[in-house]
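1. Sequence first, then the predicted structure:
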Amino acid sequence: MTRPPTSEVAAALVAALRGETPAIICPTRCEPCMYDQHYTAPAPHPWAGPEDIEHARATGQPEPTGSCGCWCAQTETEQR
Ligand SMILES: [Zn+2]
Ligand SMILES: [Zn+2]
């Protein structure tokens, strides 16, 4: 790596190493966003879909939480 990770990434990595969070470093995006089916009007939404929650339950993992890391989940910087 040519550049050091940002403090945010480093914190996420440390948390993952401690087992506090899933070891996902890049911003987690929900399934529609991964398939470029973004919210046309940006709206905050969780990354985990019903299938993710069901899978977590089925495998005995804690329910996934957290917001989608996509631009279309962020409204603060967007114009209304
Ligand atoms: Zn999303
Ligand atoms: Zn999106």
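-> Cool, got the structure. Numbers count the residues shown, from 1 in each chain. Ligands and ions are numbered 1, 2, ... in the order given.
2. and stretch 53-72, which residues are buried?
-> Buried residues in stretch 53-72, counting neighbours by 16 or more other C-beta atoms under 10 Å, are found at 56, 64, 67-68, 70, 72. C-beta here means a position set from N, CA and C on the backbone, and glycine is covered the same way.
3. and it, how far apart are its ends?
-> End-to-end distance for stretch 53-72, by C-alpha to C-alpha, to the nearest Å: 21 Å.
4. how far out from the middle of the chain is it?
-> Remark: stretch 53-72 is offset 9 Å from the chain centroid, using C-alpha atoms, centre = their mean, to the nearest Å.
5. That one - what's its average pLDDT?
-> Stretch 53-72 comes out with an average pLDDT of 93.
6. which stretches of the chain form helices?
-> 7-17, 31-34, 50-58 (DSSP state H).
7. JSON lines please, covering the buried residues of stretch 53-72 and showing distance to D36.
-> Below are the buried residues of stretch 53-72 laid out as JSON lines (distance: C-beta to C-beta, whole Å):
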{"residue": "A56", "distance to D36": "25"}
{"residue": "P64", "distance to D36": "21"}
{"residue": "S67", "distance to D36": "18"}
{"residue": "C68", "distance to D36": "13"}
{"residue": "C70", "distance to D36": "10"}
{"residue": "C72", "distance to D36": "10"}
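8. Can you narrow the residues you listed down to the ones near ligand 2?
-> 70, 72 (C-beta under 5 Å from the ion).
9. right, and out of the buried residues of stretch 53-72, which lies closest to T40?
-> Taking C-beta to C-beta as the measure, T40 sits nearest to C72 out of the buried residues of stretch 53-72, at 8.0 Å.
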